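1. this one's structure only:
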């Protein structure tokens, strides 16, 4: 009898033990779906503010790294090419004149002078070809830099400060063989983009950074020379959904939530995925608990979570 009584006591104490974590989490999830009801005084005391949810569009982005090319590097390459071009044109004209004066009974120059002029023209042509190949190797073979007219236009924009030349490296295989039609340049830590580039061409590979390189001209930006930046390229179809500001987010037990105002001062938590970010907040796709008529708590969500989880400590 004593043994049976002790066994019964142990079973009773085990039944009264702490709730397993899985059951506790399931109970909290059930309570979160029921929400919390507040009086108008309690709402004002918590300083809650709500706002109508806004529609938004999200598109996957391919992220890369970039650096703003210093103007002296571009100017030196252009100066080398222009000097070689001028020397080649002058020596070619001198060689043609020497060849015209060496023939006839009244030859004005010797054959040695003609040969020297031809050798000078050949050397200057080789120097011009070398300068051109150096420019192509640095700034791309198939881009606008290869065309003299477009190169002069780009140089004028760079010299005046109206444009900045950015070299961007994207991950290998991210674009396959395609060349992006546009690039968004992002300064690390900035709250907004630093510029959009509509003129993009392929750059030679950077041996210091694995990936595929591109040059991009960014107009109207305040980017500094040699500045490190990030770059993004849109990829895949656009998705329609809703924008959730960062101030509306509450986090607990590795989950992210927002509070929906259901009317009659009742507030219900709705889980969201924070993997898709937008400037100042997050993107929530259509089809979830957040709909076009939803109102979300944009201020005081953290206090509301504390009030829901520990209602007896609301005064504290």
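-> Good, I have the coordinates. Only a predicted model underlies this, so the values are computations on that prediction, with no experimental measurement involved. Numbering: from 1, shown residues only.
2. show the pLDDT at the nearest residue in space to residue 174 that is not next to it in sequence.
-> The shortest distance from residue 174 to any non-neighbouring residue, by CB to CB, 6 or more residues apart in numbering, is to residue 62 (4.7 Å). Where C-beta positions appear, they are placed from N, C-alpha and C, glycine not excepted. With respect to pLDDT, residue 62 has a value of 89.
3. tell me what residue 62 is bridged to.
-> Here residue 62 sits in beta bridges with residue 233, as judged by DSSP bridges.
4. ok, it touching residue 170?
-> Yes: under the criterion of CB atoms under 8 Å, residue 62 lies in contact with residue 170, with a separation of 6.0 Å.
5. any residues in contact with both of these two?
-> Shared contacts of residue 62 and residue 170, defined by CB atoms under 8 Å, 6 or more residues apart in numbering, are found at residue 233.
6. of those two, who's got more company?
-> Residue environment comparison for residue 62 versus residue 170 gives the larger neighbour count to residue 170, 21 against 16, counting by other CB atoms under 10 Å.
7. find the nearest non-adjacent residue to the more buried one, please.
-> Residue 170 sits nearest to residue 64 (CB to CB, 6+ apart), 3.9 Å away.
8. run a quick neighbour tally on that neighbour.
-> Other residues near residue 64 come to 23 when the count uses other CB under 10 Å.
9. what of residue 167?
-> Other residues lying near residue 167 total 22 when counted by other CB under 10 Å.
10. how near is it to residue 206?
-> Applying CB to CB, to the nearest Å, one obtains 7 Å for the distance of residue 167 from residue 206.
11. same check, this time on residue 91
-> In this structure, residue 91 and residue 206 are 36 Å apart, going by CB to CB.
12. now residue 285
-> Residue 285 sits 36 Å away from residue 206, going by CB to CB.
13. one step back: so how far is residue 281 from the residue nearest to residue 174?
-> Distance of residue 62 to residue 281, given as CB to CB: 21 Å.
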